[in-house]
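Undergrad: give me coordinates for this.
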Amino acid sequence: MKQHPKLVEMMRELIAIPSVSATSPRWDMGNRRVVEQLGNWLEALGFSVRITPLANPDKANLIATYGRGDGGLVLAGHTDTVPYDDSRWQSDPFALTERDQRFYGLGTADMKGFFALVIEAVSNLLDQPFNAPLIILATADEESSMDGARALVQADVLGARYAIVGEPTGLQPVRAHKGIIMEAITITGRSGHSSNPALGNSALEAMYEVIGELMGLRGELQARYHHPGFDIPSPTLNLGCIHGGDNPNRICGQCELHFDIRAVPGMETDAVRQQIEQRLQPIAERRRINIGLRSLIGGVEAYEQAEDSELVKVSEQLSGKPSRTVNFATEAPFFQKLGMQTLVMGPGSIDQAHQPDEFMALDQIEPGVELLRKLIQRFCIDAK
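TA: Predicted coordinates:
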């Protein structure tokens, strides 16, 4: 067997490298050091490694391939983490800490720990011939723009027929999730003294109408779309935050609303945006006020893999767990669009993701490694 760091040491080194991605420039940083470290380990095992920078050279994807042919397997995940508040952590977010039968650290579950389990799993199989390729894919910016997944092309997964995105699901197969769009509506009116409404044009009053239209749209979407496979079977629309005005005795000159929509399979995010724009235009014209709509992040489409597909059936058999659906979004739709059967399944729990004291339970590690070994054996070594 070829040499590589022990699993815990790999986790420790990955957690120690900060790789926060965020829409705020104050928090945003690159992931280049993480993918370079993964590349070093995988090259030592005989993988062919490519690191492809994004527009920002500090951000990059890693594509590592072992074996050749058609019908192979992609094991994919993201190398960035969410921002953190170290004052709410009981230990250093960038130091792997073991206590209470758990490994604590930023990215342990979501999802740097997944890569350590993948490398551990494949290292014991490299003395066998691979009849189909294994591709390990590590992306940038999943927690913000998903630009890493958006940059993937067919050549990056050439030959692969199946993809597993290793988000934390408790090692239970996930065959569908909702899509998401995050939008901002900005209204620019005219400020003035509140004693005379004619002196201004209230952006806040216009926003009151806009919110009414959004509530109406929410009702229409929930009446039109229904997916019984989800715990929350209808799409949701959440008004997240609003900012506007500066004083009680001034007419509000500007107001901005941020909201998100979680779409069920069958909804197209671009079509939803068009519906929002169509509802905003009459308000802008009637009130003679400027209303702008912009995306806070690129939308992620809803995703669904057929329940009777080969990947779902095999994953249910190997994991011993039935497949399910979730409400959070992942990179799965991007792999599905590249023509692969796609599933979401990985160690750890989504309940720990994006939380202070994020952890991966120790009892997820050995079962996770064993499940990954079985998947590689099935789709790469035993492939015909």
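
Undergrad: please report phi then psi for the residue nearest to residue 89 when sequence neighbours are not counted.
TA: Among residues not flanking residue 89 along the chain, residue 356 sits closest, at 5.1 Å (CB to CB, 6 or more residues apart in numbering). Every residue, glycine included, has its C-beta placed from N, CA and C. Main-chain torsions, residue 356, degrees, to the nearest 10: phi -60, psi 150.

Undergrad: near residue 356, how many other residues are there?
TA: 15 (other CB atoms under 10 Å).

Undergrad: domain-wise, how is this protein divided?
TA: Annotated domains of the chain cover 7-177+302-381, 179-295 [automatic domain parsing].

Undergrad: okay if I get these as JSON lines plus mean pLDDT?
TA: Shown next, in JSON lines, are those (pLDDT from 0 to 100):
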{"stretch": "domain 7-177+302-381", "mean pLDDT": "97"}
{"stretch": "domain 179-295", "mean pLDDT": "97"}
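
Undergrad: looking at these, which is buried most?
TA: Among those, domain 7-177+302-381 has the highest mean neighbour count (mean count of other CB atoms under 10 Å), at a mean of 20.

Undergrad: start and end of it, how far apart?
TA: 23 Å (CA to CA, to the nearest Å).

Undergrad: kindly report the same for stretch 9-26.
TA: Per CA to CA, stretch 9-26 runs 30 Å from first to last residue.

Undergrad: what segments of the stretch 51-200 of the chain are helices?
TA: 112-123, 147-150 (DSSP state H, counting those that start in this stretch).

Undergrad: for the last one, the distance to its chain's centre please.
TA: Average the C-alpha atoms of helix 147-150, do the same for its chain, and the two points are 10 Å apart (CA atoms, centre = their mean, to the nearest Å).

Undergrad: what packs against that helix?
TA: Here helix 147-150 touches helix 332-337, going by 3 or more CB pairs under 8 Å, 6 or more residues apart in numbering; DSSP states H and E.

Undergrad: right, and the helix or strand after the helix it packs on?
TA: strand 341-344 (DSSP states H and E).

Undergrad: residues in contact with that following strand?
TA: For strand 341-344, the surrounding residues in contact (CB atoms under 8 Å, 6 or more residues apart in numbering) are 161-167, 169, 173-175, 177, 303, 305, 309-312, 315, 323, 326, 330, 332-333, 335-336.

Undergrad: what's the following helix or strand after that strand?
TA: strand 359-361.

Undergrad: partner strands of that following strand, parallel or antiparallel?
TA: If you go by DSSP bridges, strand 359-361 pairs up with strand 102-104 (antiparallel).

Undergrad: and the residue most central in space within the chain, how far from residue 153?
TA: Using CA atoms, centre = their mean, the residue of the chain that lies closest to the mean C-alpha position is residue 330, 3.7 Å off. Counting by CB to CB, to the nearest Å, the separation of residue 330 from residue 153 is 19 Å.

Undergrad: check residue 39 too.
TA: 19 Å.

Undergrad: wait, what's in contact with residue 213?
TA: By CB under 8 Å, 6+ apart, the neighbours of residue 213 are 279, 280, 283.

Undergrad: and the second one, what does it touch?
TA: This points to residue 280. 185, 210, 213, 291, 293.

Undergrad: could you rerun that using 6 Å?
TA: residue 291 (CB atoms under 6 Å, 6 or more residues apart in numbering).

Undergrad: so which strand or helix has it?
TA: Using DSSP H and E, the element containing residue 280 is helix 269-287.

Undergrad: from the chain's centroid, how far away is that helix?
TA: 28 Å.

Undergrad: let the chain start at 167 from now.
TA: Renumbered: residue one is now 167, and that last one reads helix 435-453.

Undergrad: alpha carbons only: can I get that helix in PDB?
TA: Extracted in PDB, the C-alpha atoms of helix 435-453 (Å, rounded to 0.1, in the frame of the first residue of the first chain):
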ATOM      1  CA  THR A 435     -35.300  29.600 -11.000                       C
ATOM      2  CA  ASP A 436     -35.000  31.900 -14.000                       C
ATOM      3  CA  ALA A 437     -38.800  31.700 -14.600                       C
ATOM      4  CA  VAL A 438     -39.400  32.700 -10.900                       C
ATOM      5  CA  ARG A 439     -37.100  35.700 -11.300                       C
ATOM      6  CA  GLN A 440     -39.100  36.800 -14.400                       C
ATOM      7  CA  GLN A 441     -42.300  36.600 -12.400                       C
ATOM      8  CA  ILE A 442     -40.900  38.800  -9.700                       C
ATOM      9  CA  GLU A 443     -39.700  41.400 -12.300                       C
ATOM     10  CA  GLN A 444     -43.200  41.400 -13.900                       C
ATOM     11  CA  ARG A 445     -44.700  42.200 -10.500                       C
ATOM     12  CA  LEU A 446     -42.300  44.900  -9.700                       C
ATOM     13  CA  GLN A 447     -42.600  46.900 -12.900                       C
ATOM     14  CA  PRO A 448     -46.200  48.200 -12.400                       C
ATOM     15  CA  ILE A 449     -45.400  49.400  -8.900                       C
ATOM     16  CA  ALA A 450     -42.300  51.300 -10.200                       C
ATOM     17  CA  GLU A 451     -44.400  52.900 -13.000                       C
ATOM     18  CA  ARG A 452     -47.400  53.800 -10.800                       C
ATOM     19  CA  ARG A 453     -45.200  55.300  -8.100                       C
END
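
Undergrad: cool, thanks, signing off.
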